[in-house]
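Peer 1: Predicted model and sequence follow; I will ask about them next.
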Amino acid sequence: MKISGAEAVIRCLLAEGVDLLYGYPGGAIMPVYDELYKFQDQLHHVLVRHEQGATHAAQGYARATGKVGVAIATSGPGATNLITGIADAQIDSTPMVCITGQVGKHLLGSDAFQETDIIGISTPVTKWNYQVTEASEIPEIIAKAFYIARSGRPGPVLIDITKNAQFDQLEFSYEKCTGIRSYTPVPKLKLDKVAEAAALINSAKKPFIVFGQGIILGKAEAEFKALLEKSGIPAAWTILGLSALPTDHPLNVGMLGMHGNYGPNLLTNECDVLIAFGMRFDDRVTGNLNTYAKQAKVIHFEIDPAEIDKNVKTEIAVLGDVKEALTALLPLIEAKSHDLWHNKFKELKEIEYDSVIKEELNPTNNKGISMGETIEMINKHSKGDAIIVSDVGQHQMFACRYAKFNSTKSNITSGGLGTMGFALPAAIGAKMGKPDREVVAIIGDGGFQMNIQELGTIFQTKVPVKIVILNNEFLGMVRQWQELFFDNRYASTKMINPNFVAIAEGYYIKSKKVTQREDLDAAVAEMLASKDSYFLEVMVEKENNVFPMIPTGACVSEIRLS
Amino acid sequence: MENRTFTISVYSENNVGLLNRISGIFLKRHINILSLNVSESEIESVSRFIIVVETTEKWVKNIVGQIEKQIEVIKAFYHTDEETIYLENALFKIASSLLFDEKQIQNIIKDSQSTIVTVSRDFFVISKSGRRSEIEDLYTKFKPYGIMQFVRSGRISVSKEKMEISTMLETFK
């Protein structure tokens, strides 16, 4: 069957099970859009308002569903606008395929209108990229793109397709990619390493588990929970590991890192065996590496060999699929309870509760509404069943610290890149991917204005996301650092904001602004009861700080409660 | 950990753009590539990069891990100078008149075991293969007479130990 390259692109996407993609049309991708028009019953295209929004929406979709998110854009500025989302997906291991149009092959390198070297630009931030210049290459390259994006440690792939390749005819057939000879997505599990790890875990007096997104990406939540319950080992999460284990699980001792919980940070430097699952010892987690867990023997379960010994020296590295590794590990682990050791976490949790959490969740000193109590109100009404999509800043730390999760893939945030502007489009993607789940975006007044135009996408698609703006009229996290480390010099962090409610209403989104504590409960209830999208602005305490905190470069046990 | 010279060998598919990906890994870490050579390897359609860097073993191990992550890279290794047989090649273009006017030139060529590649009316070309120090030594000897052009290749090397690439490729179905 002879078809155009553009039609081949659509047929390839359909063959990969794609039914939804995010994008923005333009000259160099017009042949593909023309075909999309023909296939609109099978392949739903969401017109975002900025290409960056397309990537974040695709990320939100991917993170909520575990499937590959797809974004599409034209050449030149369309393609370069994708870069932030691609970089974000790369560092957070999110499976995504981006397709960009490119000028015709005969114009490549001539500085033609809207030509840019997107392959060169995207190389450092993609798992793989490729420029297609002949129509006949399209099926094989798109098949490879999806295979690479979703296999092993997932990541973003960019395929750039010249305009002539979209117009030209090819004999179409499609075969899914099942392997590439130079690429080993999952290292083969070595059972002797699993046995060594089990022996070390069984001999530990104060074992401590730290887990990341690898548990979620490896679909190993059940096996992980079974390991915890048999071994009795307390476990703490990285920001991307959040929701892999229910918040209320008795062995869940909280969040690691800069604004994590007191106990898990302090006791990292007391445990005798540190067992890491699917996490990469990011500097926000470890603080100063010279003082991080030096007393502990480290076991690292990881799919990516390049992560072994990258930051923290391991005693035993178990490479491979985490679900397979946990299944092999479980029968070798002795059933224990580690009560005395676990009590240390409980004692430190009480200290943190008394000095930080209590006041944050129930402010008593005539201060304005706190971010923490707003999150707690969302917990009350969502009962921990919502997908929470947070942006970047103080509100993100409050959301991650206080939001409750009953099920996996429920926390969606920009972890490694820290991309302000992430949450609004990511929430659109998450809700479209999981229409049966409540999706609440929690965003600061700064980040909201970085992709505020996506309110237009919400209006046009009628996607019923709930948006909560925690407005402190500051770039809150930078202001906090200015207060603590720059002598209160608030350089360019004060925000004079527009009337957000009027803007949301301009997009015909039901809206409310809360300034008084007594109105918060009813407003959150009304928002979550709404069948349509809803915009809630909460005016929060202006100069509130997120504690605990480990200052940059400090040791994890130097965590400050105030 | 002290800085040492390491030779990184990368076996890869022969694809456009891979050099960019690999050089970016060094760029990110501010590690200067001292020498780079890319050619076909002993295996059909498989390229081999030879990259020489001066860094610590911890860094080189880390870099090799990042290189191996690239989709088209089949396998990457690193070796110290003691673990490899290595050399560079150099070409010297010199005025032909010197070959006849300066008797010492012929002795230098003979003693250095270099080869005359071509002789024309205006110039002749000497080729010398060997370690960096041998080439530099020859350069120092020719310099007083005048060198019209000089070029040196990147390091090429083979490891003393076996590198199991063919076996790895055979296992792919």
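Peer 2: Perfect, I can see it now.
Peer 1: what mean pLDDT does the host helix or strand of A:L14 have?
Peer 2: Using DSSP states H and E, A:L14 maps to helix A:5-15. Average pLDDT, helix A:5-15: 98.
Peer 1: List the buried residues of it.
Peer 2: Under the neighbour-count criterion of 16 or more other Cβ atoms under 10 Å in any protein chain shown, helix A:5-15 has A:G5, A:A6, A:E7, A:A8, A:V9, A:I10, A:R11, A:C12, A:L13 buried. For the C-beta atoms, the positions are set from N, CA and C on the backbone; glycine is no exception.
Peer 1: can you tell me which of the residues you listed are up against chain B?
Peer 2: The subset of the buried residues of helix A:5-15 within reach of chain B, by Cβ under 8 Å from any Cβ of the partner chain, is empty.
Peer 1: any chance of these in TSV, with distance to B:S47 too?
Peer 2: Formatted as TSV, the buried residues of helix A:5-15 follow (distance: Cβ to Cβ, whole Å):
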residue	distance to B:S47
A:G5	29
A:A6	33
A:E7	35
A:A8	29
A:V9	30
A:I10	34
A:R11	33
A:C12	28
A:L13	32
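Peer 1: what two of those have the greatest distance between them?
Peer 2: A:G5 and A:L13 (13.0 Å; Cβ to Cβ).
Peer 1: which helix in chain B runs the most residues?
Peer 2: Assignment by DSSP state H gives helix B:57-69 as the longest helix of chain B.
Peer 1: What are the buried residues along that helix?
Peer 2: For helix B:57-69, by 16+ other Cβ under 10 Å, it's B:V60, B:K61, B:N62, B:I63, B:V64, B:G65, B:Q66, B:I67, B:E68, B:K69.
Peer 1: Please verify my assumption that B:T7 contacts B:E82.
Peer 2: No. In this structure, B:T7 is not within contact of B:E82 by Cβ atoms under 8 Å, at 10.6 Å.
Peer 1: Between these two, which has more neighbouring residues?
Peer 2: Higher neighbour count among B:T7 and B:E82: B:T7, with 24 against 6, using other Cβ atoms under 10 Å in any protein chain shown.
Peer 1: what pLDDT does the residue in the stretch 201-350 of chain A positioned nearest to chain B get?
Peer 2: Across the stretch 201-350 of chain A, the shortest distance to chain B (Cβ to the nearest Cβ) belongs to A:A306, at 3.5 Å. A:A306 carries a pLDDT score of 96 in this model.
Peer 1: Now for the spatially closest residue to it that is not a sequence neighbour: which residues touch it?
Peer 2: Nearest non-adjacent residue to A:A306, counting by Cβ to Cβ, 6 or more residues apart in numbering or on different chains: B:G65, 3.5 Å away. Counting by Cβ atoms under 8 Å, 6 or more residues apart in numbering or on different chains, B:G65 makes contact with A:P305, A:A306, A:I308, A:K310.
Peer 1: Dump the buried residues of helix B:57-69 to CSV, plus pLDDT.
Peer 2: Listed next are these as CSV, based on pLDDT from 0 to 100:
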residue, pLDDT
B:V60, 96
B:K61, 95
B:N62, 95
B:I63, 96
B:V64, 97
B:G65, 96
B:Q66, 96
B:I67, 97
B:E68, 96
B:K69, 95
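Peer 1: that older thread, the helix holding A:L14: what's the following helix or strand?
Peer 2: Immediately after helix A:5-15, counting by DSSP H and E, sits strand A:20-23.
Peer 1: So which bits of whatever helix or strand comes next after that next one are buried?
Peer 2: The helix or strand immediately downstream of strand A:20-23 is helix A:30-38, counting by DSSP H and E. For helix A:30-38, burial by neighbour count (16+ other Cβ under 10 Å) applies to A:M30, A:P31, A:V32, A:Y33, A:E35, A:L36.
Peer 1: now swap in stretch A:114-129 and tell me
Peer 2: For stretch A:114-129, the neighbour count (16+ other Cβ under 10 Å) marks A:114-116, A:118-119, A:121-129 as buried.
Peer 1: What of stretch A:175-190?
Peer 2: Residues of stretch A:175-190 classed as buried by neighbour count (16+ other Cβ under 10 Å): A:C177, A:I180, A:S182, A:Y183, A:T184, A:P185, A:V186, A:P187, A:L189.
Peer 1: Could you export the longest helix of chain B as CSV, CA atoms only?
Peer 2: Coordinates of each C-alpha in helix B:57-69 appear next as CSV, following Å, rounded to 0.1, in the frame of the first residue of the first chain:
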residue,chain,number,x,y,z
GLU,B,57,39.8,6.8,37.3
LYS,B,58,36.5,7.7,39.1
TRP,B,59,35.7,10.2,36.3
VAL,B,60,36.7,8.0,33.5
LYS,B,61,34.6,5.1,34.9
ASN,B,62,31.6,7.5,35.2
ILE,B,63,32.1,8.8,31.6
VAL,B,64,32.4,5.3,30.2
GLY,B,65,29.1,4.5,31.9
GLN,B,66,27.4,7.6,30.3
ILE,B,67,28.9,6.7,26.9
GLU,B,68,27.5,3.1,27.2
LYS,B,69,24.1,4.6,27.9
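Peer 1: Out of the buried residues of stretch A:114-129, which comes closest to B:I109?
Peer 2: Taking Cβ to Cβ as the measure, B:I109 sits nearest to A:T123 out of the buried residues of stretch A:114-129, at 45.3 Å.
Peer 1: Touching, that closest one and A:N129? I think so.
Peer 2: Yes. Counting by Cβ under 8 Å, A:N129 is a contact partner of A:T123 at 6.3 Å.
Peer 1: which neighbours do the two share?
Peer 2: Residues touching both A:T123 and A:N129 (Cβ under 8 Å, 6+ apart): B:G17.
Peer 1: Now do the contacts for the residue positioned nearest the centre of chain A.
Peer 2: For chain A, the residue nearest the mean C-alpha position is A:T413 (4.0 Å; Cα atoms, centre = their mean). Contact analysis of A:T413 by Cβ under 8 Å, 6+ apart lists A:I239, A:L240, A:V389, A:S390, A:D391, A:V392, A:Q396, A:A399, A:C400, A:F422, A:A423.
Peer 1: how much space between the last one and chain B?
Peer 2: Computed with Cβ to the nearest Cβ, to the nearest Å, the distance linking A:A423 and chain B is 28 Å.
Peer 1: in stretch B:159-168, what counts as buried?
Peer 2: B:M163, B:I165, B:M168.
Peer 1: ok, now how distant is the first one from A:H381?
Peer 2: Computed as Cβ to Cβ, to the nearest Å, the B:M163 to A:H381 distance reads 61 Å.
Peer 1: same check, this time on the last one
Peer 2: Counting by Cβ to Cβ, the separation of B:M168 from A:H381 is 56 Å.
Peer 1: mind giving me a markdown table with the buried residues of stretch A:114-129 and columns for pLDDT?
Peer 2: Formatted as a markdown table, those follow (pLDDT from 0 to 100):
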| residue | pLDDT |
| --- | --- |
| A:Q114 | 97 |
| A:E115 | 97 |
| A:T116 | 97 |
| A:I118 | 98 |
| A:I119 | 97 |
| A:I121 | 97 |
| A:S122 | 98 |
| A:T123 | 97 |
| A:P124 | 96 |
| A:V125 | 98 |
| A:T126 | 98 |
| A:K127 | 98 |
| A:W128 | 98 |
| A:N129 | 98 |
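Peer 1: roughly how far apart are the residue of chain B most remote from its centre and B:S120?
Peer 2: Of all residues in chain B, B:D101 has its C-alpha farthest from the mean position, at 33.9 Å, by Cα atoms, centre = their mean. Using Cβ to Cβ, one gets 16 Å for the distance from B:D101 to B:S120.
Peer 1: any idea how far A:L245 is from A:A204?
Peer 2: Taken as Cβ to Cβ, the span from A:A204 to A:L245 is 20 Å.
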